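>>> Got a sequence here, can you build the structure:
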Amino acid sequence: MRKFPLTWLYAPGDRPEVVTKALAAGADVVIIDLEDAVAPDRKSYARAATAERLADPHPHRIHVRVNAAHTPWSRADLTALSPLPGVSALRLPKITTPGDVTATADALARNLPLYALLESALAIEHAYAIARSHPALRGIALGEADLRADLNATSDEALAWPRSRAIVAARAASLPPPPQSVHPHTKDLAALAATSAQGRRLGFLGRAAIHPRQLPVIESAYLPTQEEIEKAESILKAAERNEGAQALPDGTFIDKAVLEAAHRTLALTAP
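Numbering: from 1, shown residues only. Next comes the predicted model:
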């Protein structure tokens, strides 16, 4: 099990057979979705089916995306699911302020890792405050479909700053780099590869998926290359030797941030 997940596979909570396939697909994290993927008249069934599946401990990392706090299903989701041993974490949609996170954390039956989804202009403005809002918060990520609609954006260019803002906020709050948002066109694997490579250059780490066929493409884009592995190893070896100015022949200066990045690179190579 990777320390830093690269693949996060969504599956609708009202389709248990799809959840079963998702669990067998090899994703680092499976996210059972009770929110956008489930119609209002199926919410209760999705919650019950998910609670039944997660009533016992599970060998997979299973997150549940509950319904947003302002909806009529939120409280029932938290009450039913937060006590269950099979739930690894909760994903909180439509977070806009730090108070949204703290209110949810206070309502849980037990301490659970939380992940906040930033899906509006207001959330982006509050990104750093949200990222450091509560000790239970383990990560933030963008919900780009809703964010695009909120910004009235018609191209990816409008998302460049929110993406960087989320990455910087996570780092400033000592959280892991956010995973990239989903690529909605499940059959266009070439575009998935290209945009994943771009996301990696921006500073994202891994990506959410909505179909198992997307997983190997995402993993390939985000796994370190042999050159990156060798450089990380040379950084750590130089640090162990404590060589004077702590610089590599290519001019890379070895400081705390560079060491952390090297450790993260090598951690991604572990199974």
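>>> State which helix of this protein is the longest.
Ordering each helix of the chain by length in residues (DSSP state H) puts helix 226-241 first.
>>> and this structure, what are its domains?
With domains defined by the TED database, the chain comprises 7-222, 226-268.
>>> a markdown table for these, including distance to residue 1?
Where C-beta positions appear, they are placed from N, C-alpha and C, glycine not excepted. Output for the domains of the chain, formatted as a markdown table (distance: least, Cβ to Cβ, whole Å):
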| stretch | distance to residue 1 |
| --- | --- |
| domain 7-222 | 7 |
| domain 226-268 | 11 |
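>>> circling back to that earlier point, would you pull up how far the longest helix of the chain lies from the middle of the chain?
27 Å (Cα atoms, centre = their mean, to the nearest Å).
>>> Check stretch 20-31 too.
For stretch 20-31, the distance to the chain centre is 14 Å (Cα atoms, centre = their mean).
>>> Next, the distance between the ends of that stretch.
12 Å (Cα to Cα, to the nearest Å).
>>> how about it: buried residues?
Buried residues in stretch 20-31, counted by 16 or more other Cβ atoms under 10 Å: 22-23, 25, 27-31.
>>> Pick the most deeply packed of the domains of the chain.
The highest average neighbour count among the domains of the chain, using mean count of other Cβ atoms under 10 Å, belongs to domain 7-222 at a mean of 19.
>>> Start and end of it, how far apart?
OK, domain 7-222 end separation, Cα to Cα: 9 Å.
>>> cool, and stretch 19-38?
13 Å.
>>> heads up, I number from 7, so please use that
That works, and once the first residue is 7, the last one we named lands at stretch 25-44.
>>> List of residues touching it?
Contact partners of stretch 25-44, identified using Cβ atoms under 8 Å, 6 or more residues apart in numbering, comprise 7-8, 11-20, 49, 52-53, 56, 59-60, 66-74, 79, 83, 94, 97, 99, 212, 214-215, 218, 221.
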